[in-house]
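Undergrad: Fold the following, please.
(one chain, ligands or ions: 3)
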Amino acid sequence: MVLPFLTSAPGKVIIFGEHSAVYNEPAVAASVSALRTYMLVTQTDSNAVELDFPDIGFSHAWSRHEFDHILKDERNTTILQEARHNVRELSPELTSLLDSLHSELKKSMFHHAAFCFTYLYICLCPNVKGIKFSVRSTLPIGAGLGSSASVSVNLAMAMAKLGGLITGTKGLTLQDKKLINDWAFIGEKCMMGTPSGIDNAVSTYGNAVLFKREIDGTTNFEFVEDFPQIPMILTYTKIPRSTKTLVANVRELLSNHPNLVRPILVAMGQLATRGAEILNSLDNGNYNELLELVRVNHGLLVALGVSHPGLEIVRALSDTMELGSTKLTGAGGGGCALTILNKDTSEKLVTEFKSKLEKTHDYATYQTDLGGIGCSLLLNDCISEDKLELILKIFNHNEDKALIDELLLPGKCSLSWIF
Ligand SMILES: Nc1ncnc2c1ncn2[C@@H]1O[C@H](COP(=O)(O)OP(=O)(O)O)[C@@H](O)[C@H]1O
Ligand SMILES: C[C@@](O)(CCOP(=O)(O)O)CC(=O)O
Ligand SMILES: [Mg+2]
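TA: Numbering: from 1, shown residues only. Ligands and ions are numbered 1, 2, ... in the order given. So this is what the prediction gives:
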């Protein structure tokens, strides 16, 4: 594999069914292909394996010796073989072998990112050394827009490419995408424990999907054809939270009150199924029902305890101004809210809504299209010398997000990404 090369994967918005998706209920999500994570893979002089995650202030280099310790011990052969064939569950044995590689990070917020990195590395490209993986994202991180999944998709794609597991050269084949999605799911497992798999699926395949996880751990999804551009606003409250904690809280609530919580999850699945039907044939006749489902979905999420006073500000303002229906999106507890606008909402009202959120509460708002390009790859022979210089600047000097978009956004920039 000729270095350097780049990978990229988008964030997502869950329209219906966050949290209930973890319990095998259907959910609807779409990619936000303009908000993405990028990964640059470069050769280094050392023998080490390095990661550089400047967006979260984390970088680390492991000497090859640390991995050899695991890889060259014959007692580990079966453990490694089994882990490399299991894309449903993490191997507890491999997990404990990898522990020594990040023991000093155990109490830090970077532990899960490091675990995800080393797990995918040892499974997908263990023979590669003298290499650095640098990540930059235009997505808000820990905000409910699937940044963890987009990092997992990038790592899975880059490492599978380095391990010779990706076959497409002119475009990613369906088989390539399946492999990327499977390993990104394992990456999400390292990050947060019990993902549904919806985030990595949308980040890999792009577009909009009706997703369902089955009891045996397999996943089913169908694309929502002709996904309509719904007028909407995404509001980022900037309130930090962790998906892992919120998902664990819901699990505890379910275990304490199964008879109360189970029907809530089932109702969320029902409304996701109906939501997908409406989105497949959205018109004036069913638009208000879509808004109603958004309102009900938010209410059920409140009942699960995953809203936050900061999210309720957005919901209450959209209700007071009567401009649309708001629900939290992603794991909640802070992060982002999604407001679907009423049909007749004026530009003036939208401006007033956004300006109140931004000026009074210091929130950020995005008006972005949903759907579009999933994961993508920029091969070395498509990167000219002058473009490479600019790309290195972006990754080495923490250039701002507008510059990243201008230079790298697939479908908008002049680079020949394949997807
Ligand atoms: N650009 C990035 N660089 C490094 N790590 C990232 C990046 N984006 C996300 N992550 C990882 O994902 C975690 C956030 O994931 P999560 O809590 O699931 O929120 P979300 O997926 O909604 O953004 C971060 O703590 C970090 O470990
Ligand atoms: C809460 C959940 O439904 C979505 C989490 O999304 P995010 O990490 O908050 O972007 C969990 C999942 O489906 O894996
Ligand atoms: Mg996440």
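
Undergrad: And the residue of the chain closest to ligand 3?
TA: Ser148 (3.3 Å; C-beta to the ion). Where C-beta positions appear, they are placed from N, C-alpha and C, glycine not excepted.

Undergrad: who are the neighbours in contact with that residue?
TA: Taking C-beta atoms under 8 Å, 6 or more residues apart in numbering, we find Ser148 in contact with Glu188, Met191, Met192, Asp199, Thr243.

Undergrad: Specify the local secondary structure of it.
TA: helix (DSSP: H, G, I helix; E, B strand; the rest coil).

Undergrad: how far away is it from Thr345?
TA: 32 Å (C-beta to C-beta, to the nearest Å).

Undergrad: again, but for Met159
TA: Taken as C-beta to C-beta, the span from Met159 to Thr345 is 45 Å.

Undergrad: So the two - more neighbours on which side?
TA: Met159 (28 against 19; other C-beta atoms under 10 Å).

Undergrad: which residues are in contact with the longest helix seen in the chain?
TA: If you go by DSSP state H, the chain has its longest helix at helix 258-280. Where contact means C-beta under 8 Å, 6+ apart, the residues beyond helix 258-280 that reach it are 15-17, 19-20, 23, 25-28, 208, 210, 224-228, 230, 250, 253-254, 286, 289-290, 293, 296-297, 300-301, 303-304.

Undergrad: And the next helix or strand past that helix?
TA: Per DSSP states H and E, the first helix or strand lying C-terminal to helix 258-280 is helix 287-303.

Undergrad: what does that following helix contact?
TA: 15-19, 230, 264, 267-268, 271-272, 274-275, 278-279, 282, 307, 315, 324-328, 332, 338, 340, 342-343.

Undergrad: With stretch 51-60 instead?
TA: Counting by C-beta under 8 Å, 6+ apart, 50, 61, 105, 109-110, 113-114, 117, 132-137, 141, 395, 398 sit against stretch 51-60.

Undergrad: That one: which residues count as buried?
TA: Neighbour-count burial for stretch 51-60 flags Leu51, Asp52, Phe53, Asp55, Phe58, His60 (criterion: 16 or more other C-beta atoms under 10 Å).

Undergrad: Near ligand 2, which residues of the stretch 1-150 of the chain are found?
TA: Ile14, Glu18, His19, Ala21, Val22, Gly144, Leu145, Gly146, Ser148 (C-beta under 6 Å from any ligand atom).

Undergrad: quick one: which of those residues sit in helices?
TA: Ser148.

Undergrad: which of the residues of the stretch 1-150 of the chain next to ligand 2 count as buried?
TA: The buried subset of these - by 16+ other C-beta under 10 Å - is Ile14, Glu18, His19, Ala21, Val22, Gly144, Leu145, Gly146, Ser148.

Undergrad: now the residues you listed in CSV, with pLDDT?
TA: Below are these laid out as CSV (pLDDT from 0 to 100):
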residue, pLDDT
Ile14, 98
Glu18, 98
His19, 98
Ala21, 98
Val22, 98
Gly144, 98
Leu145, 98
Gly146, 98
Ser148, 98
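
Undergrad: Going by distance to Ser100, which of those residues wins?
TA: Within these, proximity to Ser100 (C-beta to C-beta) peaks at Ser148, which comes in at 23.8 Å.

Undergrad: Can you tell me how far the closest one is from Leu357?
TA: Taking C-beta to C-beta, one finds Ser148 at 25 Å from Leu357.

Undergrad: Spell out the residue ranges of the helices in the protein.
TA: Under DSSP H, the chain gives helices at 64-71, 77-85, 92-98, 111-124, 147-162, 174-192, 198-205, 243-256, 258-280, 287-303, 309-320, 347-361, 385-396, 401-408.

Undergrad: Let's have the ones you listed in TSV, adding distance to ligand 1.
TA: Output for these, formatted as TSV (distance: least, C-beta to the nearest ligand atom, whole Å):
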stretch	distance to ligand 1
helix 64-71	21
helix 77-85	21
helix 92-98	16
helix 111-124	4
helix 147-162	3
helix 174-192	5
helix 198-205	7
helix 243-256	3
helix 258-280	18
helix 287-303	15
helix 309-320	14
helix 347-361	19
helix 385-396	12
helix 401-408	11
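
Undergrad: rewinding a little: compare the contacts of Ser148 and tell me which has the most neighbours.
TA: Asp199 (34 neighbours).

Undergrad: Run through the residues that contact it.
TA: Lys12, Ala29, Gly146, Ser148, Ala149, Glu188.

Undergrad: Make a markdown table from the residues you listed and add distance to Asp73 to it.
TA: Putting the contacts of Asp199 into a markdown table (distance: C-beta to C-beta, whole Å) gives the following:
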| residue | distance to Asp73 |
| --- | --- |
| Lys12 | 39 |
| Ala29 | 41 |
| Gly146 | 36 |
| Ser148 | 31 |
| Ala149 | 32 |
| Glu188 | 28 |
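
Undergrad: out of those residues, who's nearest ligand 2?
TA: The nearest member of the contacts of Asp199 to ligand 2, counting by C-beta to the nearest ligand atom, is Gly146 at 4.1 Å.

Undergrad: separation between that closest one and Ser91?
TA: 25 Å.

Undergrad: Quick check, Lys327 in contact with Leu338.
TA: Yes: between Lys327 and Leu338 there is a contact under C-beta atoms under 8 Å: 5.7 Å.

Undergrad: So for these two, which sits in the more crowded spot?
TA: The neighbour count for Lys327 versus Leu338, taken as other C-beta under 10 Å, is higher for Lys327 (28 against 25).

Undergrad: Now do the more buried one, the pLDDT please.
TA: Model confidence at Lys327, given as pLDDT, is 98.
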